[in-house]
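Trainee: turn this into a model:
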Amino acid sequence: MRIIAASLSVLVLAVTGYVWNQYRDLTAGIHTSSALGATAAPAAGADTNILVMGLDSRLDENGNALPADIYDALHAGDAANGGYNANVLMLLHIPGDGSKATSISIPRDDYVDFPDTPDGTAEGKIKQAYGLAFDQANRQLRAQGVTDPVTLEQRSRDAGRTAEIHTVREFLGGVPIDHFVEVTLMAFYQIAQVVQPITVCVNEDTTDSYSGADFHAGRQQITAAQAVAFVRQRRDNVHPKLNFTDLDRERRQQAFISSLAYQLKQAGTPVDPTRLNAIMKVAEQNIAIDSGLDLLSFATNATSLSSGNISFTTLPITGFGTDPLGESINTVDLTQIRATVQNLLSPPVPATPAPAPSAGATVDVVNSTGQTGLAATMERDLAGQGYTAGTTTTGARTFHTTLSYAPDAADPARTLATLLAGPTPRPDGSLPAGHIRLVLGNGFTVPPKLAVSSSASSTPTTPEPATSDPASVPSALAGGEIPCVK
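Mentor: Now for the predicted structure:
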């Protein structure tokens with residue numbers, strides 16, 4: 001699947017929140033999952049984070065194929081296409097104080113660590129954690145004699161959900177994920193059918209035979225099938241100057257959600273019972289939520305989203321590359337990602353000095369970035385923070401920065417992780433007593449608070465843009481309007 005503006009379903013619920021209160025049995029038929037584990041529900045008035053996952057699947061929630069006419073309308077292949085990758089990932093942050101909500105889009109091809117090593121894989125595209133864990137669990141369950149199709153499907157999906165949630169949580173720097181909503185391609189199309197026509201806006205004429213997109217410049221009303229093409233489009237061979245990328249697909253999803261919420265709000269009346277019942281049927285067939293999410297309560301408290309009290313942001317990348325298998329990926333700066341998320345989710349606070357590391361902690365630095373002199377620079381900067389300089393070596397190029405420590409150096413390692421705003425420290429019994437091993441991955445930048453002076457660092461504090469096109473990483477998009485996009 002090259003699609004899904006998955007959080008559409010969440011916002012539809014928000015827009016019509018006061019109506020849902022008349023349907024107390026709404027969630028009776030919706031798939032619920034315990035994939036989040038035993039997590040404490042946010043306290044009243046606390047912030048809430050909801051992860052929205054849109055699956056790369058041409059099947060319904062029970063793993064069944066769709067009718068042939070649906071495949072024709074989707075213009076996205078049939079049951080043999082797609083899979084169980086989480087091709088759409090959005091973190092919806094709703095502040096407990098009622099201030100502006102934030103929707104953070106995570107590009108599907110960001111190359112990340114997999115903390116659960118699903119199917120024995122330690123790193124890959126962030127979207128793949130779900131599918132790898134699904135495949136592993138599915139094989140194991142079959143080997144255990146599980147044959148019921150629905151049980152097999154849902155237990156396999158639970159494994160995928162858990163792995164994807166853990167991967168996103170670590171990638172974003174430990175941000176709590178309180179709830180999740182999982183949506184299939186079919187759900188997006190069916191909800192679009194219920195609310196069509198939908199008004200969207202594009203800046204220029206654009207055509208894409210792959211997705212079926214064919215839009216003229218300016219505002220226009222589109223059908224459900226055209227809506228699928230709108231959010232799936234990521235190329236235009238007729239107008240190559242538009243230079244589409246997957247990041248433009250993220251922006252299309254955001255613009256569609258904003259447009260739909262705006263239209264429903266402008267209508268000024270509740271969705272009629274017939275449409276409401278149709279949306280409920282879609283939810284039962286093609287949406288899954290965690291067992292702790294109360295949709296009615298959420299919808300009632302989130303109606304302000306439709307008034308524009310939300311902004312949409314796409315996380316930055318540092319460039320485009322290939323993984324060891326030769327597949328296209330987005331390279332990222334983990335420090336930048338986590339700092340961006342922290343700034344989006346938390347109000348600015350006065351800077352406070354970092355806690356002093358334990359005396360005698362020695363840091364050995366491995367430079368795996370390909371940038372000459374970076375290990376020595378880091379040793380010098382860390383010495384200014386009270387660490388003891390260890391050895392500096394050059395390692396094979398790697399994508400991610402890692403931090404490991406000897407059992408007696410846990411506290412200074414955690415302090416160093418805080419200073420770097422990036423890697424998760426992990427124990428390593430093979431290291432000498434009192435030692436920390438820091439491996440600098442490709443794209444690492446020295447945090448300004450660590451630099452001794454502006455000339456001490458051999459790398460810029462802000463990564464270069466992914467391409468010469470300034471729109472390669474879309475800027476934030478405000479809700480409450482019908483935005484024009486590429």
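
Trainee: could you look up the SS state of the closest residue to Gly37 other than its chain neighbours?
Mentor: Excluding the flanking residues, the one nearest Gly37 by C-beta to C-beta, 6 or more residues apart in numbering is Thr162, at 7.4 Å. All C-beta spots, glycine's among them, are computed from the backbone N, C-alpha and C. For Thr162, the assignment made with DSSP: H, G, I helix; E, B strand; the rest coil gives helix.

Trainee: ditto for Gly124
Mentor: strand.

Trainee: who's in contact with it?
Mentor: Tyr111, Val112, Phe114, Leu132, Asp323 (C-beta atoms under 8 Å, 6 or more residues apart in numbering).

Trainee: quick one: the fourth one is in a strand?
Mentor: No: the assignment for Leu132 by three-state DSSP gives helix, which leaves it out of any strand.

Trainee: list the residues that contact Ile30.
Mentor: Per C-beta under 8 Å, 6+ apart, neighbours of Ile30: Ala283, Glu284, Ile287, Ala288, Ile289, Leu295.

Trainee: now that we have these, which of them are buried?
Mentor: Ala283, Ile287, Ala288, Ile289, Leu295 (16 or more other C-beta atoms under 10 Å).

Trainee: how about Asn367: what's its closest non-neighbour residue?
Mentor: Ala375 (3.9 Å).

Trainee: that neighbour: which element?
Mentor: Element membership for Ala375, per DSSP states H and E: helix 374-383.

Trainee: could you do Pro412 as well?
Mentor: Per DSSP H and E: helix 410-420 holds Pro412.

Trainee: and that helix, what's buried?
Mentor: Quick answer for helix 410-420 (16+ other C-beta under 10 Å): Pro412, Ala413, Arg414, Thr415, Leu416, Ala417, Leu419, Leu420.

Trainee: which of these sits closest to Arg252?
Mentor: Using C-beta to C-beta, Leu420 is the member of the buried residues of helix 410-420 that lies nearest Arg252, at 34.3 Å.

Trainee: OK, contacts around that closest one?
Mentor: When contacts are taken as C-beta under 8 Å, 6+ apart, Leu420 is in contact with Thr335, Thr401, Leu403, Pro447, Leu450.

Trainee: again with Glu164
Mentor: So Glu164 contacts Met53, Ala86, Leu89, Ala129, Tyr130, Ala133 (C-beta under 8 Å, 6+ apart).

Trainee: is the residue nearest to Asn367 in contact with Val365, as I believe?
Mentor: Yes: here Ala375 reaches Val365: they are 4.2 Å apart, a contact under C-beta atoms under 8 Å.

Trainee: between those two, which contacts overlap?
Mentor: Thr392, Thr393, Leu440.

Trainee: hmm, the last one is touching Val363, no?
Mentor: No: using C-beta under 8 Å, Leu440 and Val363 do not qualify as a contacting pair, with a distance of 11.4 Å.

Trainee: quickly list what's touching both of those two.
Mentor: Met378.

Trainee: burial measure for Thr199, as a count.
Mentor: Residues near Thr199, counting by other C-beta atoms under 10 Å, number 14.

Trainee: can you report phi and psi for it?
Mentor: Thr199 adopts backbone torsions of phi -90, psi 130, taken as degrees, to the nearest 10.

Trainee: rewinding a little: please flag which of the buried ones among the contacts of Ile30 sit within strands.
Mentor: Ile287, Ala288, Ile289 (DSSP state E).

Trainee: and stretch 327-341, what's buried?
Mentor: Buried residues in stretch 327-341 (16+ other C-beta under 10 Å): Ile329, Asn330, Thr331, Val332, Asp333, Leu334, Thr335, Gln336, Ile337, Arg338, Thr340, Val341.

Trainee: list the contacts of that stretch.
Mentor: So stretch 327-341 is in contact with 104, 107, 109-112, 125, 171-173, 175, 246, 313, 315-323, 399-401, 420-423, 441-445, 447, 462-463, 466, going by C-beta under 8 Å, 6+ apart.

Trainee: run the chain-centre distance for it.
Mentor: 11 Å (C-alpha atoms, centre = their mean, to the nearest Å).

Trainee: try stretch 239-254
Mentor: On C-alpha atoms, centre = their mean, the centre of stretch 239-254 falls 17 Å from that of its chain.

Trainee: average model confidence for that stretch?
Mentor: The pLDDT scores in stretch 239-254 average 81.

Trainee: span of it from start to end?
Mentor: Using C-alpha to C-alpha, to the nearest Å, the end-to-end distance of stretch 239-254 comes out at 22 Å.

Trainee: in helices, which of the contacts of Gly124 fall?
Mentor: Counting by DSSP state H, the contacts of Gly124 place Leu132 in helices.

Trainee: export the contacts of Gly124 as a markdown table, with columns for distance to Gln220.
Mentor: What follows is the contacts of Gly124, written out as a markdown table (distance: C-beta to C-beta, whole Å):
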| residue | distance to Gln220 |
| --- | --- |
| Tyr111 | 36 |
| Val112 | 37 |
| Phe114 | 41 |
| Leu132 | 40 |
| Asp323 | 38 |
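
Trainee: ok so, going back, which among the buried residues of stretch 327-341 gets closest to Ala217?
Mentor: Nearest member of these to Ala217, counting by C-beta to C-beta, is Asn330, at 28.7 Å.

Trainee: can you tell me the closest non-neighbouring residue to the closest one?
Mentor: Using C-beta to C-beta, 6+ apart, the closest residue to Asn330 is Ile317 (4.2 Å).

Trainee: thinking the one you found is in contact with Leu247, fair?
Mentor: Yes: under the criterion of C-beta under 8 Å, Ile317 makes contact with Leu247 at 7.4 Å.

Trainee: still on that earlier bit, would a markdown table of the buried residues of stretch 327-341 with pLDDT and secondary structure be doable?
Mentor: Below are the buried residues of stretch 327-341 laid out as a markdown table (pLDDT from 0 to 100; DSSP: H, G, I helix; E, B strand; the rest coil):
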| residue | pLDDT | secondary structure |
| --- | --- | --- |
| Ile329 | 93 | strand |
| Asn330 | 93 | strand |
| Thr331 | 93 | strand |
| Val332 | 92 | coil |
| Asp333 | 91 | coil |
| Leu334 | 91 | helix |
| Thr335 | 89 | helix |
| Gln336 | 89 | helix |
| Ile337 | 92 | helix |
| Arg338 | 91 | helix |
| Thr340 | 90 | helix |
| Val341 | 92 | helix |
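
Trainee: start from the N-terminal end of the chain and give the helices.
Mentor: Using DSSP H, helices in the chain cover 8-15, 17-20, 68-74, 128-143, 149-171, 185-195, 224-232, 246-267, 273-286, 295-301, 334-345, 374-383, 410-420.

Trainee: quick one, which of those gets closest to Val238.
Mentor: helix 224-232 (14.2 Å).

Trainee: got the angle between that closest one and helix 185-195?
Mentor: Interaxial angle, helix 224-232 versus helix 185-195 (axes from the mean of the first three to the mean of the last three C-alpha atoms, to 10 degrees): 130 degrees.

Trainee: how big is the angle separating helix 224-232 from helix 246-267?
Mentor: Using the same axes, to 10 degrees: helix 224-232 against helix 246-267 is 130 degrees.

Trainee: pull the distance from helix 224-232 to the chain's centre.
Mentor: 21 Å.

Trainee: may I have it as PDB, with CA atoms only?
Mentor: Extracted in PDB, the C-alpha atoms of helix 224-232 (Å, rounded to 0.1, in the frame of the first residue of the first chain):
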ATOM      1  CA  ALA A 224     -13.800   8.500  -2.600                       C
ATOM      2  CA  ALA A 225     -11.700   6.800  -5.300                       C
ATOM      3  CA  GLN A 226     -10.100  10.100  -6.200                       C
ATOM      4  CA  ALA A 227      -9.400  10.600  -2.500                       C
ATOM      5  CA  VAL A 228      -7.400   7.400  -2.400                       C
ATOM      6  CA  ALA A 229      -5.400   8.600  -5.400                       C
ATOM      7  CA  PHE A 230      -4.900  12.000  -3.800                       C
ATOM      8  CA  VAL A 231      -3.300  10.600  -0.700                       C
ATOM      9  CA  ARG A 232      -1.300   7.800  -2.500                       C
END
